[in-house]
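Chemist: Have a look at this fold, sequence not included:
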DNA sequence: AGCACGATCTGA
DNA sequence: CAGATCGTGCTA
């Protein structure tokens, strides 16, 4: 129900990052429905953003960022973690939104299981999102607008006064202007 | 072929 | 604050 369409993701990246808050990330996995409300995102905006993987050009890893909006960009970092992004903007403009945190909705027990421990209701951190939802590199390039398996659905409306903007996390290698940019959004 | 490093998390 | 842990991209 209410699956987000390609035109939603084709909007400018900051708008998509903001509007993804309150949407529901859903994954059908082993016959179970796992889902969570998105509560934190970050925007990575094209070749001029030195924090963005695509800023140094197209490589095998970041290739899907150069493709259609609404495609999942999933990569592996630190030798152990997966990160989930959604490609935004027009084809050829390599931008994406990183899904940094969700609040579990359906399949909480299963998600809890998938996480080894921690009794927290809130999954915080992009690696935890993938761990809890069972998302890995196999879904890199997946079209989220297909409406099967992994997709994003309408869920809750978040009023703008509940949205905080801060600098992005873990990008010390980036230029100062990009470190300073308030391109991280979360529900407060 | 070798190497440095990362859009992180955990536990001390 | 160090350690885990390995794919990726750059240099040669």
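Modeler: The structure has been received and is ready for your questions. Every value quoted in this text rests on a predicted model; they were computed, and no experiment measured them.
Chemist: so which strand or helix has residue A:129?
Modeler: helix A:126-133 (DSSP states H and E).
Chemist: So which elements touch that helix?
Modeler: Here helix A:126-133 touches strand A:24-29, strand A:32-45, strand A:81-88, strand A:95-106, helix A:108-114, going by 3 or more Cβ pairs under 8 Å, 6 or more residues apart in numbering; DSSP states H and E. Quick note: C-beta positions are derived from backbone N, CA and C, even for glycine.
Chemist: Now with 7 Å, please.
Modeler: strand A:81-88, strand A:95-106, helix A:108-114 (3 or more Cβ pairs under 7 Å, 6 or more residues apart in numbering; DSSP states H and E).
Chemist: how far away is the residue nearest the centre of chain A from DNA strand C?
Modeler: Residue closest to the average C-alpha location in chain A (Cα atoms, centre = their mean): residue A:99, at 2.4 Å. From residue A:99 across to DNA strand C, the span is 19 Å (Cβ to the nearest atom of the strand, to the nearest Å).
Chemist: Out of the helices and strands in chain A, which is least certain?
Modeler: Here the helix or strand of chain A ranked lowest by mean pLDDT, DSSP states H and E is strand A:123-124, holding a mean of 68.
Chemist: Please identify which helix or strand holds the closest residue to residue A:142 other than its chain neighbours.
Modeler: Excluding its sequence neighbours, the residue lying closest to residue A:142 (Cβ to Cβ, 6 or more residues apart in numbering) is residue A:72, at 4.4 Å. Using DSSP H and E, residue A:72 maps to strand A:72-77.
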